[in-house]
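Engineer: model the structure of this input:
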Amino acid sequence: MSINEINVDVNIGRDALKGAASCLQEYLKLHGGSGRHYRVLAFMASETIKRIEQSKPTEFSNLDLQEAVLGRIGDDASAWLSPIWRKITTELLPSIKDSLEGFAITKDYTVYPWVGKTESAGGSGNAALYFLTAREVTSEERVSGELLPTADIHYLPAVKITPSWWAKWLFDQNYSANGWRKLLYILTPMIWVIAIILFADILWILLSRVKSPLTPQDVILLLTVIGALFYCRYVFRRLWAFMEDRIMLAPDHLVSIGEFGVCVELYKEDFKDKSSPRILRLVKYLAECPICGAEVLIDKGEPDFPRRLIGRCQESPMEHIFSFDRITKTGNKLRKY
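Structural biologist: From the prediction side, this is the model:
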């Protein structure tokens, strides 16, 4: 057991463990995904709370976990659980550690959940045991006594995003793009704008030299170019706003069908360091609606809040709306209640 894990053998430790399990339950409700590894964690969270309330041991065998996920016990529970547990401990939890701790802070928990395993000593009846542990929140915000700015809602980045096929080529596994990939994304719209403007200039020069009346084909071509120029104006204004605001909703071609609330952001690790480079990344901010408990996603503020990104409740999108600050990841109600 690591130095910052709570001892669950004493009463205060069991209270902390219950808090960690509750934190995990709430986190998975908002940020959980599909798959057996998520179902294992969900079962461990709910069952740990139940066993603590019943003063029972909070360790689980591989048979317990297999039956909870599959609804039955298979031939080799150990072999079934092994790859799932490996994914939980080596991939899933390390990737969401900061998100878990941040979620615990926003919910005012002093601990956040983790998992542990007691290895088998070998022999019949000595199976490995799996359990939840509670780790102390050690972030600077908690240590300094300043949790987060007072707000009605706190946003957290989603763990999983589903980008489009070509965005998977542009962005890495962390949904980030730097160097030439970032320049490619930013400069591509400008290249199209310049190309259309040049084409429009050439067409205008050619038509101005024609002495005969314009044909219907010429008129259609001219109207097409005018429409393209208006589109160029839209692209340029959108790009300019992105460079100013550092964030915008991701265009549809960057995300898969059915994915909502994803943003493109120019992100800095250290905002105070002027020399720190900005990274282009896809990010999806989520929150729990403090009014009804539904999911809150980032959306455009129009028509009531033009040129702003706001948080919209997915169950009451016109009434349960909140401001959105990408730096503090907080927001406040935009409607009075």
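
Engineer: right, and the helix or strand after the lowest-mean-pLDDT helix or strand in the chain?
Structural biologist: Lowest mean confidence among the helices and strands of the chain (mean pLDDT, DSSP states H and E): helix 140-143, at a mean of 45. Using DSSP states H and E, the helix or strand that follows helix 140-143 in sequence is strand 153-154.

Engineer: how about the helices in the stretch 201-337 of the chain?
Structural biologist: 216-245 (DSSP state H, counting those that start in this stretch).

Engineer: show me the shaky parts of it.
Structural biologist: Across the stretch 201-337 of the chain, the ranges flagged by pLDDT under 70 are 337.

Engineer: could you pull out the strands in it for me?
Structural biologist: In the stretch 201-337 of the chain, the segments counted as strands under DSSP state E, counting those that start in this stretch are 247-249, 262-267, 279-288, 295-300, 309-313, 321-322, 330-331.

Engineer: domains for the chain, by residue range?
Structural biologist: What automatic domain parsing lists as the domains of the chain is 11-147, 165-331.

Engineer: out of the ones you listed, which one sits most buried?
Structural biologist: domain 11-147 (a mean of 16; mean count of other CB atoms under 10 Å). From N, CA and C alone the C-beta is placed, and that goes for glycine too.

Engineer: distance from the chain centre to it, please.
Structural biologist: Put simply, domain 11-147 sits 21 Å off its chain's centre (CA atoms, centre = their mean, to the nearest Å).

Engineer: repeat that for stretch 286-306.
Structural biologist: That offset, for stretch 286-306, works out to 15 Å (CA atoms, centre = their mean).

Engineer: so what would you say the end-to-end distance of that stretch is?
Structural biologist: Using CA to CA, to the nearest Å, the end-to-end distance of stretch 286-306 comes out at 21 Å.

Engineer: go on, stretch 65-75?
Structural biologist: 14 Å.

Engineer: give the rounded mean pLDDT of that stretch.
Structural biologist: Mean per-residue pLDDT for stretch 65-75: 85.

Engineer: which outside residues touch that stretch?
Structural biologist: With contact meaning CB atoms under 8 Å, 6 or more residues apart in numbering, stretch 65-75 is reached by Arg36, Arg39, Val40, Phe43, Met44, Glu47, Leu63, Ala77, Trp80, Leu81, Tyr130.

Engineer: now do stretch 91-99
Structural biologist: Contacts for stretch 91-99 (CB under 8 Å, 6+ apart): Tyr27, His31, His37, Leu41, Leu100, Trp114, Val115, Leu156, Pro157, Val159.

Engineer: just give me the closest of these to Arg278.
Structural biologist: Nearest to Arg278, judged by CB to CB, of these is Pro157 at 16.7 Å.

Engineer: surely the closest one touches Lys284?
Structural biologist: Yes. Between Pro157 and Lys284 there is a contact at 6.7 Å, judged by CB atoms under 8 Å.

Engineer: centre of the chain to whatever helix or strand Ile194 lives in, how far?
Structural biologist: Per DSSP H and E, Ile194 falls inside helix 180-208. Taking the mean of its C-alpha atoms, helix 180-208 sits 34 Å from the chain's own mean (CA atoms, centre = their mean).

Engineer: just list what it packs against, helices and strands only.
Structural biologist: Packing partners of helix 180-208 (3 or more CB pairs under 8 Å, 6 or more residues apart in numbering; DSSP states H and E): helix 165-170, helix 216-245, strand 279-288.

Engineer: end-to-end on stretch 134-153?
Structural biologist: OK, stretch 134-153 end separation, CA to CA: 25 Å.

Engineer: I misspoke; the intended subject was stretch 311-326.
Structural biologist: 11 Å.

Engineer: what's in contact with that stretch?
Structural biologist: Counting by CB under 8 Å, 6+ apart, 152-153, 155, 246-247, 265, 285, 287, 289, 291-292, 294-299, 305, 308-310, 331-335 sit against stretch 311-326.

Engineer: distance from the chain centre to that stretch, please.
Structural biologist: 16 Å.

Engineer: and for stretch 162-179?
Structural biologist: From the chain centre to the centre of stretch 162-179 is a distance of 14 Å (CA atoms, centre = their mean).

Engineer: check stretch 220-227 too.
Structural biologist: With CA atoms, centre = their mean, you get 41 Å for stretch 220-227.

Engineer: for stretch 328-337, same thing?
Structural biologist: 19 Å.
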